[in-house]
Structure formats: C-alpha cells, structure tokens
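> Sequence plus the predicted model coming up.
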Amino acid sequence: MTFQADDILLWVSSLVWPFVRISAMLLVAPIFGARNINVRVRLLMGLLLALVVAPQLSAPPQVDPLSLAGMVVVIHQVLIGVAMGFVMQMVFSALTQAGETIALSMGLGFASAMDPVGGVQVPMISQYYMILATLIFLALGGHLVLIEYLLRSFETLPISANALTADDLWAVVRFGTTMYAAAVLIALPAVASLLLVNLSMGVITRAAPQLNIFAVGFPLTILAGFVIILLTLPSLPARIGELLMSAFPLIAQLTRA
C-alpha cells in the first residue's frame with residue numbers, strides 16, 4: 001500500500017487545524033484551562049475533539065502546516081479559540097473583581113489564596129465567588145454549551161486564512177464594559193452597606209473618643225461583611241445567568257452561529 005504526499009497532507013491538515021482551534025480554546029477557557037488540570041489531559045481532550053471534528057470538515061485548506069501560509073492559518077485558528085475562551089473567562093473575572101472590592105471594604109484584602117483558574121493570588125472572598133460561579137456554570141451546562149459552539153464553529157466558520165474581523169475583536173473588547181458593570185452590580189450592595197457601617201463607626205468614635213475603634217470596628221466590619229454576603233447570595237445566580245446570557249450570544253456572533 002502506497003500513500004501519495006497529497007493524501008498524507010490532507011489527512012494531517014484535517015486533524016491539525018481543528019486541533020489548534022480546540023486546544024487554544026481549552027487553554028484559555030475557565031475550568032478547562034485551570035492550572036490544576038494536567039496538560040496531558042487537556043491535550044488528550046483536544047485531540048479527541050479534533051478526531052470527532054476531522055471527518056466532518058468539508059474541505060480543509062490544502063496548505064502545508066509548516067509553510068508560511070500554514071502559519072497564517074494556524075494564527076487565525078488560535079485567534080478564534082482564544083477569543084471564545086477569553087469571552088467566557090471575562091465572566092469569571094467579573095466575580096473575581098467583585099470579590100476583591102468586597103474584601104477590601106471588609107478589611108479582608110490581606111486574606112488571599114491561590115486561584116486555580118488564573119494561577120494568581122486573589123482574596124478569599126473572590127475565591128468563594130469563583131467556586132460558586134464554577135458550580136453554577138457546571139449546573140447550567142455552560143461547559144457543554146461552550147463545547148457545542150466550538151464544534152459548530154467549524155461549520156459556520158470554516159478553516160481558512162480569513163477568520164475574525166476587526167469588528168469581532170472590538171466586540172470582545174466592548175464586552176469588557178459588561179464585565180465591569182456586572183462586577184459593580186454584584187459588589188454594590190455589600191460595598192454600600194459596609195460604607196454605612198464605617199460611617200456609623202466614625203460617628204461612634206467621634207461621640208466616644210476613648211473607644212478603641214481598631215479593637216471594635218475591625219471585627220464588626222468583618223462580621224457585617226459576612227452577613228451581607230450571606231443575604232446577597234440568593235441574587236448571585238441571577239447575576240451569573242445574566243453574564244452567561246451576554247457571553248454566549250457574543251460567542252455565537254464570533255463563530256457566525
């Protein structure tokens with residue numbers, strides 16, 4: 001049995017191009033791109049998804065992956081995957097920013113832990129919100145929807161050297177305003193309530209200067225912060241759902257789905 005060079009190039013291209021796009025998305029997307037997930041597991045997942053997609057590709061470009069034209073195609077596929085994962089990553093970043101704001105208002109900004117998703121030190125409140133957001137994301141099937149959009153993108157956005165436009169990239173940038181607005185809305189009840197607590201402690205200190213404000217105010221502020229977080233938890237799933245409902249249409253716009 002003999003194989004022609006063109007046949008080998010076609011087989012390799014039909015597997016390499018989807019593997020690059022899928023791996024780029026898995027590297028950036030939350031949960032899939034977490035630091036505590038083994039790199040081999042992530043590569044194996046990308047390879048399995050690429051094997052599923054490869055037979056369904058209509059006509060992969062007849063380009064040598066090691067040539068200059070092949071590198072251009074690779075860059076476009078990486079850009080598509082990174083854009084999809086980055087949009088979903090911004091949803092979780094909104095929770096991290098809200099937790100940092102609340103922690104600073106409570107006086108717990110010094111209590112930090114390693115974030116398994118970003119690999120950086122974040123306050124404990126941010127870590128708590130990230131765990132809740134991850135559980136809600138998995139419960140809603142967001143990871144399955146993200147993979148579905150990724151696999152469907154090979155039909156709506158075929159592999160070529162022309163992928164995302166400048167308008168698509170600006171749409172991703174503009175989504176940052178949605179992320180910051182959601183972070184403010186999540187943190188606003190706690191921050192406003194803690195501001196009132198601090199104002200009350202200031203009035204008490206003014207009325208009774210002999211009172212040690214550091215011995216009384218610091219534990220009271222932390223206690224009030226935990227109570228406020230507990231009272232605002234019922235509204236958190238709705239906020240996360242709104243963020244996801246804003247992120248998935250943007251991903252659909254990027255992939256032309």
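Done, it's in.
> Identify the residues contacting stretch 26-39?
By CB atoms under 8 Å, 6 or more residues apart in numbering, the residues outside stretch 26-39 that reach it are 25, 42, 45-46, 81-82, 84-86, 88-89, 91-92, 116-119, 134, 137-138, 143, 146. (C-beta placed from N, C-alpha, C; glycine too.)
> And the next helix or strand past the longest helix along the chain?
Counting residues, the longest helix found in the chain (DSSP state H) is helix 166-207. Helices and strands here follow DSSP states H and E; after helix 166-207, the next one along the chain is helix 213-232.
> Which elements pack onto that following helix?
The contact analysis (3 or more CB pairs under 8 Å, 6 or more residues apart in numbering; DSSP states H and E) places helix 213-232 against helix 68-106, helix 166-207.
> what's the offset of the shortest one from the middle of its chain?
For helix 68-106, the separation from the chain centroid amounts to 5 Å (computed by CA atoms, centre = their mean, to the nearest Å).
> Where does the prediction get shaky in the stretch 1-150 of the chain?
Scanning the stretch 1-150 of the chain for pLDDT under 70 picks out 1-13, 58-62, 64-66, 109-122.
> In PDB, could you pull the C-alpha coordinates for stretch 154-170?
Taking C-alpha atoms only, stretch 154-170 is exported to PDB below (Å, rounded to 0.1, in the frame of the first residue of the first chain):
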ATOM      1  CA  PHE A 154     -16.200  24.500  12.100                       C
ATOM      2  CA  GLU A 155     -19.400  24.600  10.000                       C
ATOM      3  CA  THR A 156     -20.200  28.200  10.400                       C
ATOM      4  CA  LEU A 157     -16.600  29.500  10.400                       C
ATOM      5  CA  PRO A 158     -14.600  27.200   8.100                       C
ATOM      6  CA  ILE A 159     -10.900  26.800   8.400                       C
ATOM      7  CA  SER A 160      -9.200  29.400   6.300                       C
ATOM      8  CA  ALA A 161      -6.800  32.300   6.500                       C
ATOM      9  CA  ASN A 162      -9.700  34.700   6.900                       C
ATOM     10  CA  ALA A 163     -11.300  34.300  10.300                       C
ATOM     11  CA  LEU A 164     -12.300  37.100  12.700                       C
ATOM     12  CA  THR A 165     -12.700  40.600  11.500                       C
ATOM     13  CA  ALA A 166     -11.700  43.800  13.300                       C
ATOM     14  CA  ASP A 167     -15.400  44.300  14.300                       C
ATOM     15  CA  ASP A 168     -15.400  40.900  16.000                       C
ATOM     16  CA  LEU A 169     -12.300  41.800  18.000                       C
ATOM     17  CA  TRP A 170     -13.800  45.100  19.000                       C
END
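> Okay, the residue minimising distance to the centre of the chain and residue 27: tell me how far apart.
Geometric centre of the chain, nearest residue: residue 89, 1.2 Å, by CA atoms, centre = their mean. Distance, residue 89 to residue 27, using CB to CB, to the nearest Å: 11 Å.
> go on, residue 135?
Residue 135 sits 22 Å away from residue 27, going by CB to CB.
> of the two, who's got more company?
residue 27 (17 against 12; other CB atoms under 10 Å).
> Around the nearest residue to residue 164 once chain neighbours are set aside, how many other residues sit close by?
The shortest distance from residue 164 to any non-neighbouring residue, by CB to CB, 6 or more residues apart in numbering, is to residue 79 (5.8 Å). Residues contacting residue 79 under the criterion other CB under 10 Å number 17.
> which ones are touching residue 79?
Applying CB under 8 Å, 6+ apart, the residues near residue 79 are 24, 163-164.
> Could you save the helices and strands packed on helix 213-232 as TSV and add columns showing distance to residue 223?
Compiled in TSV, the helices and strands packed on helix 213-232 are given as follows (distance: least, CB to CB, whole Å):
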stretch	distance to residue 223
helix 68-106	9
helix 166-207	9
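> okay, those helices, which one's buried deepest?
Counting by mean count of other CB atoms under 10 Å, helix 68-106 has the highest mean neighbour count of the helices and strands packed on helix 213-232, with a mean of 21.
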